[in-house]
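**Q** Sequence plus the predicted model coming up.
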Amino acid sequence: MKILLAAQKDLKARFSAALIAAGADVTAVDDPEILSAVDGECGAFTYRLGGQPRSAERIVLAGGVNTDPLLSDDEKFSARLDRQHFDRPLVIVAGASGQAPACLTGIALRRALEAVRRRRPAVLFAKDVRTSDADAERLYREARQAGVAVIRCRTIEISREDGRYSVRSSDGVTDTRVDTDWVIDAGAGIAPELAAFAQKLRLRPSAGCDTAGRYWLYPAFTSRRGVSFIDTSLLPMGAIEDAARALARPAAQVKAAHAHVDPVKCAFCYTCYRAFPHAALAPDTAAPAMLVRETACDACGICAAICPANAIELLESPAAKSGVGRGALKIIACEHSAYHAAMAVFDGRPQDYDVCIESVPCCGSVTGRQITSSRGDFDAVLVAACMEDACHHFDGNIRGCVHAKRLIQDMARMGLAQTVAFCNASASMAGPLRREIDRLLDVPAASAL
C-alpha cells in the first residue's frame, strides 16, 4: 500500500514509522508548500512533491485540532470540578460556532456524566447528538439516566458579565437560558498547516475541522474517497499504531453497485457535481457529460436521486448478487445504522425467521426495480434509513430519504401500500424497528417478534 502522509511536523516521524511498521510504503510531507497537483481517485492518486511526479493509493492527513484542554486532560478537568460549586451547573456547549465533531460530542457526554456522578449538575447544549453505533447510544442513555440535561437546539448564544456566563438557546419553539460560572466549548478548530493541506487536497470543510466529525470510527474518511483524516489529539495512547495498521490494509474495490451516467441524457448541468460527497463525478473531457470514477463511487445514490435528466442510474455489480429463496420479509437497510438494528431484532439470525436483511451504502441508492424484485421474492419489503443528522454521507440523508419515500409512494399507487414501507432507525433502535416490522407483517402485539 503506497501512502502519502501529510502530517504536522511533530507527528510526522511517529506516524510515518507506524505506517511503515504496518507494511506501508510511505511518503511523508509536513510542508504544504511543496505538495501540488493532487489528482486521481482511491487507489490511483497522482501528485507532485517538490515538482517531482509521485503516485499513491491512499492519502492520510494527520494532526491534532485545537480543543478545550478540559475535554482532553483528565487531571485538569478533575481539578476544575473540585472547585465547582454544587449549585452551579457545568455547561458544555457543542456547536456554538458550527457543527461539533461527533467524536467531541462523545467526550462532552463523558465529561458531563463524570460531573453528575460527583454530584455536580451538568447541562449539554447541542445542535445535534450523533449516535452512530450502539456504544454511543448506550453512553447517551447512561448520561441522561444519571441526570445530565441534554438540550438540543438550533441556535446557541453565550454572553459573559461580572464573571458569570449566560447561555441562551432556542429550538425554534422553546427558549432556554442557563446561568453558570463554568462553560466548556466542545468545538474544534483545525491547525493552520492542516487547513493548508486540506485545501491542497480539495476537501470540504466541516465545522472548522475537516470532516473529523463526519465519521465515527478512526481512521475517519473525508469528503474525498481514499483520503483519511486522523485527529491525533483525540486518540488514546497506542491508538496511532492501531490506526496505522487499519490504513495500511488495501482498500476494498468490490462494491455492490456504482453510478453510471448516460452521456446521451446528461445535460451537463453540474447538479450532481455540486452535490456528491465522494469526489466520484468529474467532467468527461471526451464527451459533454459527467464521468463516474467507479473506484471513488460509494453507491450512495445521491447523484441518481437528484439528476434532473434521469441520466444517472446505479448498476449492480454481478459479483455482489446473491440469490435467496422466498421469505416473509426483505429489509433494505443503511449499512451504518438500520442494518445493525435489524440484525439485533432477529438476534443476528434473520434466516431463522425467513427474513433477508440487505445492507446498502445509502437508501438513496435503492431503486424501484430493487423493491419490486424483492417484493416478488418476499411477502413484504421494508426500507430502513439512518436518522436525520446522522448520515455519514454528509447531507445525503435528506436527499436519500426523500428518494426512498417517493419510491414507497409509487409502490402504494401500484396497490402495494400494505406490503412495502419506509422508516428511520439508528444502530440501537431495535425496539422501534421491531414495532415497524410487526406492523408491516400485521403481527398481533401478544405474539410480536
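**A** Structure's in. What do you need? Residues are numbered from 1 along each chain as shown.

**Q** My read is that residue 419 contacts residue 382, right?
**A** No: using Cβ atoms under 8 Å, residue 419 is not in contact with residue 382, being 9.6 Å away. Yep, even glycine has a C-beta here, placed from its N, CA and C like the rest.

**Q** neighbour count winner among these two?
**A** residue 382 (28 against 18; other Cβ atoms under 10 Å).

**Q** isn't the more buried one right up against residue 437?
**A** Yes: using Cβ under 8 Å, residue 382 is in contact with residue 437, at 6.5 Å.

**Q** still on that earlier bit, what touches both of residue 419 and residue 382?
**A** Listed as contacting both residue 419 and residue 382 by Cβ atoms under 8 Å, 6 or more residues apart in numbering are residue 440.

**Q** Identify the contacts common to residue 382 and residue 437.
**A** By Cβ under 8 Å, 6+ apart, residue 382 and residue 437 have these common neighbours: 329, 331.

**Q** can you count the residues close to residue 286?
**A** Neighbourhood size, residue 286 [other Cβ under 10 Å]: 8.

**Q** Is residue 53 part of a helix or strand, or is it coil?
**A** Classification of residue 53 by DSSP: H, G, I helix; E, B strand; the rest coil places it in strand.

**Q** Count the neighbours of it for me.
**A** By other Cβ under 10 Å, the residues close to residue 53 number 9.

**Q** any idea how far residue 37 is from it?
**A** As for residue 53, its distance to residue 37 is 8 Å (criterion: Cβ to Cβ, to the nearest Å).

**Q** any residues in contact with both of those two?
**A** 46-47.

**Q** Would you mind confirming that residue 335 makes contact with residue 363?
**A** No: with contact defined as Cβ under 8 Å, residue 335 does not count as touching residue 363 (10.2 Å).

**Q** So which of the two has more stuff around it?
**A** Between residue 335 and residue 363, counted using other Cβ under 10 Å, residue 363 has the larger neighbour count: 31 against 15.

**Q** what's the more buried one in contact with, if anything?
**A** 301, 332, 334, 383-386, 400-401, 403-404.

**Q** Now do stretch 49-57, average pLDDT.
**A** If you average the pLDDT over stretch 49-57, you get 91.

**Q** which other residues reach it?
**A** Contact with stretch 49-57 is made by 1-4, 27, 29, 34-36, 40, 42-48, 226, 250-251, as judged by Cβ under 8 Å, 6+ apart.

**Q** again, 6 Å this time
**A** Contacts of stretch 49-57 with the rest of the structure, by Cβ atoms under 6 Å, 6 or more residues apart in numbering, involve 1-2, 4, 34, 43, 45-47.

**Q** Which of those fall in strands?
**A** Using DSSP state E, the subset of the contacts of stretch 49-57 located in strands is 2, 4, 45-47.

**Q** Go through the residues you listed and name the one nearest residue 167.
**A** Within the ones in strands among the contacts of stretch 49-57, the smallest distance to residue 167 is 42.4 Å, found for residue 4 (Cβ to Cβ).

**Q** Number of residues surrounding the closest one?
**A** Neighbours around residue 4, by other Cβ under 10 Å: 23.

**Q** Which strand residues bridge the closest residue to it other than its chain neighbours?
**A** Nearest non-adjacent residue to residue 4, counting by Cβ to Cβ, 6 or more residues apart in numbering: residue 56, 4.1 Å away. Beta-bridge partners recorded for residue 56 (DSSP bridges): residue 45.

**Q** Check the gap between residue 56 and residue 163 for me.
**A** Look at residue 56 and residue 163: by Cβ to Cβ, they are 52 Å apart.

**Q** more neighbours, those two?
**A** Legend: neighbour count by other Cβ under 10 Å for residue 56 and residue 163, higher for residue 56 (22 against 6).

**Q** Could you list the domains of the chain?
**A** Annotated domains of the chain cover 2-64+190-247, 68-185, 257-318, 322-447 [automatic domain parsing].

**Q** if you look at the contacts of residue 363, which of them are in strands?
**A** Judged by DSSP E, strands contain the following of the contacts of residue 363: 332, 334, 383-385.

**Q** So which of those residues is surrounded by the most neighbours?
**A** residue 334 (33 neighbours).

**Q** Surely that residue touches residue 386?
**A** Yes: counting by Cβ atoms under 6 Å, residue 334 does reach residue 386; the two are 4.5 Å apart.

**Q** picking that back up, gap between the residue nearest to residue 4 and residue 39?
**A** 11 Å.
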